[in-house]
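Participant: sharing a sequence plus its predicted fold:
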Amino acid sequence: MNDPTTPTHGHRVATIYDVATLAGVSHITVSRYLNGTAGVKASTGERIASAIIELGYRPNLVARSLVTSRSRQIAAIVHEISGMGLGLLVEGAYQLAASEGYAMTIMIADPLSEESMADALARAAMLHVEGVITTAPTDIAETSMRSFTSGPLVVARGLEDCDTHAVGIRAAVEHLIRLGHRRIVHLAGPSGWLAARDRKAQYEQTMHHHDLEPVTVARGNWLPVSGFGAVDEVIASGATAVVSANDRMAIGLIKALSDRGIDVPGRISVTGYDDHADTAYSRPALTTCRQDFAALGRHAAARLIGLIEGRSLVQEGTGPLPELVVRASTARAKDIDGAVSES
């Protein structure tokens with residue numbers, strides 16, 4: 001059996017006993033401090049903390065989990081890691097988890113595949129994580145997480161609070177109404193995604209509130225190609241404005257409208273959702289709803305850890321709200337002859 005004090009690559013690995021000796025306390029006291037057990041005086045805790053820093057001590061999480069029955073690990077199941085917004089979401093969740101003394105494992109799964117989600121959850125259970133969050137709030141992901149019963153695994157809804165979707169879409173629709181638009185259509189996201197359904201529902205509610213007819217012209221797949229492919233429906237609808245469920249579909253639609261010689265926003269205004277980094281540099285720069293992805297990630301991780309520990313780190317429905325960012329893709333409504341609407 002290897003001695004934990006055996007030098008590794010020329011450097012001796014610090015142990016809990018080294019920390020205890022330097023801090024002038026017993027190893028039991030150090031253990032109680034590391035586990036957050038009550039009864040360690042503040043002055044003693046400060047000496048232990050200083051010793052940990054000086055020695056570069058790193059607790060053995062596996063050994064600790066055997067003693068405490070706590071792994072202090074969570075998992076984030078993501079559907080992609082290439083998107084900048086998703087990267088910020090995961091980074092925010094990771095940072096919050098670390099600040100609370102948790103490690104976070106990242107897994108990739110297809111949120112539209114029951115088999116893929118079940119496999120990811122099984123792997124999470126094998127790693128003895130205490131909780132799971134997902135970046136992909138789809139029906140299948142939600143059902144898979146609710147039905148998973150292997151071990152004491154706490155699951156939370158996706159990294160996005162659905163309450164936030166509604167606020168953003170409402171702001172976009174009301175912005176267009178203030179510009180005189182009355183024929184405002186919605187380019188929706190895929191129906192299996194909760195975020196897409198929430199945004200469509202809020203679009204419809206806001207239109208009804210202003211006595212306007214809601215019209216959904218297409219359901220995209222979040223990608224530019226689906227926005228590009230929706231151009232015929234948009235033109236046929238007679239819309240003067242389009243509220244897209246995300247930025248990438250909006251950018252695809254704008255490209256298709258431009259190819260048809262239809263000016264944005266001269267003839268049709270377009271809004272997006274998310275405010276990815278490149279939307280400010282699209283042509284025209286996209287009016288959109290900005291989400292603070294890092295804050296959303298922190299909020300989701302805090303909510304999950306609160307569920308695990310039985311305490312309230314955050315309250316439901318208090319996640320960061322999106323902010324409407326007005327850019328060049330929206331303008332006052334015009335009639336077919338080009339006259340500016342006086343509505």
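Facilitator: On my side now, so go ahead.
Participant: burial count for residue 250?
Facilitator: Using other Cβ atoms under 10 Å, residue 250 has 29 neighbouring residues. C-betas here are computed from N, CA, C, even on glycine.
Participant: what segments of the chain are helices?
Facilitator: With DSSP state H, the ranges of helices along the chain come out as 16-23, 27-34, 42-55, 61-68, 84-99, 114-126, 139-147, 162-178, 194-209, 224-229, 231-236, 247-259, 293-309.
Participant: between the second one and helix 16-23, how many degrees?
Facilitator: Spelled out, that is helix 27-34. On the basis of axes from the mean of the first three to the mean of the last three Cα atoms, to 10 degrees, helix 27-34 is oriented at 100 degrees to helix 16-23.
Participant: mind listing what's buried in helix 27-34?
Facilitator: 29, 30, 31, 32, 33, 34 (16 or more other Cβ atoms under 10 Å).
Participant: now that helix against helix 42-55, angle please.
Facilitator: 90 degrees.
Participant: same check on the last one?
Facilitator: Angular relation of helix 293-309 and helix 42-55 on a 0 to 180 degree scale: 120 degrees, by the same axes, to 10 degrees.
Participant: helix 293-309 - contacts with which helices or strands?
Facilitator: If contacts are counted by 3 or more Cβ pairs under 8 Å, 6 or more residues apart in numbering; DSSP states H and E, helix 293-309 sits against strand 73-78, helix 84-99, strand 131-134, strand 154-155.
Participant: turn these into JSON lines, including distance to residue 120.
Facilitator: Output for the helices and strands packed on helix 293-309, formatted as JSON lines (distance: least, Cβ to Cβ, whole Å):
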{"stretch": "strand 73-78", "distance to residue 120": "5"}
{"stretch": "helix 84-99", "distance to residue 120": "14"}
{"stretch": "strand 131-134", "distance to residue 120": "8"}
{"stretch": "strand 154-155", "distance to residue 120": "12"}
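Participant: one step back: minimum distance to residue 332: which of the helices of the chain has it?
Facilitator: Nearest to residue 332 among the helices of the chain is helix 162-178; the distance by Cβ to Cβ comes to 9.2 Å.
Participant: look at the closest residue to residue 288 other than its chain neighbours and say how many residues are nearby.
Facilitator: Once flanking residues are discounted, residue 288 sits nearest to residue 272: 3.9 Å by Cβ to Cβ, 6 or more residues apart in numbering. Neighbours of residue 272 under the rule other Cβ under 10 Å: 31.
Participant: might one say that residue 272 is in contact with residue 253?
Facilitator: No: with contact defined as Cβ atoms under 8 Å, residue 272 does not count as touching residue 253 (9.4 Å).
Participant: shared neighbours of the two, anything?
Facilitator: residue 244 (Cβ atoms under 8 Å, 6 or more residues apart in numbering).
Participant: nearest to residue 290, out of the helices and strands packed on helix 293-309?
Facilitator: Short answer: helix 84-99, nearest of the helices and strands packed on helix 293-309 by Cβ to Cβ, at 10.2 Å.
Participant: now for that closest one, which elements pack on it?
Facilitator: Under the contact criterion of 3+ Cβ pairs under 8 Å, 6+ apart, helix 84-99 touches strand 73-78, strand 103-108, helix 293-309.
Participant: show me the shaky parts of this protein.
Facilitator: Within the chain, the segments meeting pLDDT under 70 span 1-11, 35-38, 59-69, 149-166, 315-318, 335-343.
Participant: hang on, the earlier thing: residue 313: which of the helices and strands packed on helix 293-309 is closest?
Facilitator: Using Cβ to Cβ, the helices and strands packed on helix 293-309 put helix 84-99 closest to residue 313, at 8.6 Å.
Participant: show me what counts as buried in the closest one.
Facilitator: Going by 16+ other Cβ under 10 Å, helix 84-99 has these buried residues: 85, 86, 87, 88, 89, 90, 92, 93, 94, 96, 97.
Participant: got it, and stretch 142-151?
Facilitator: Residues 142, 144, 145, 148 are the ones in stretch 142-151 that count as buried (16+ other Cβ under 10 Å).
Participant: what would those look like in CSV with distance to residue 205?
Facilitator: CSV is the format used below for the buried residues of stretch 142-151 (distance: Cβ to Cβ, whole Å):
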residue, distance to residue 205
142, 22
144, 29
145, 27
148, 33
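Participant: and those residues, which is closest to residue 189?
Facilitator: The nearest member of these to residue 189, counting by Cβ to Cβ, is residue 142 at 15.6 Å.
Participant: gap between the residue lying closest to residue 187 once chain neighbours are set aside and residue 120?
Facilitator: Excluding the flanking residues, the one nearest residue 187 by Cβ to Cβ, 6+ apart is residue 244, at 4.3 Å. As judged by Cβ to Cβ, to the nearest Å, residue 244 and residue 120 stand 30 Å apart.
Participant: neighbour-wise, which of these two wins?
Facilitator: Between residue 244 and residue 120, counted using other Cβ under 10 Å, residue 244 has the larger neighbour count: 30 against 25.
Participant: what about the nearest residue to residue 207 once chain neighbours are set aside, distance to residue 237?
Facilitator: Spatial nearest neighbour of residue 207, chain neighbours left out: residue 214 (4.1 Å); criterion: Cβ to Cβ, 6+ apart. Distance of residue 214 to residue 237, given as Cβ to Cβ: 11 Å.
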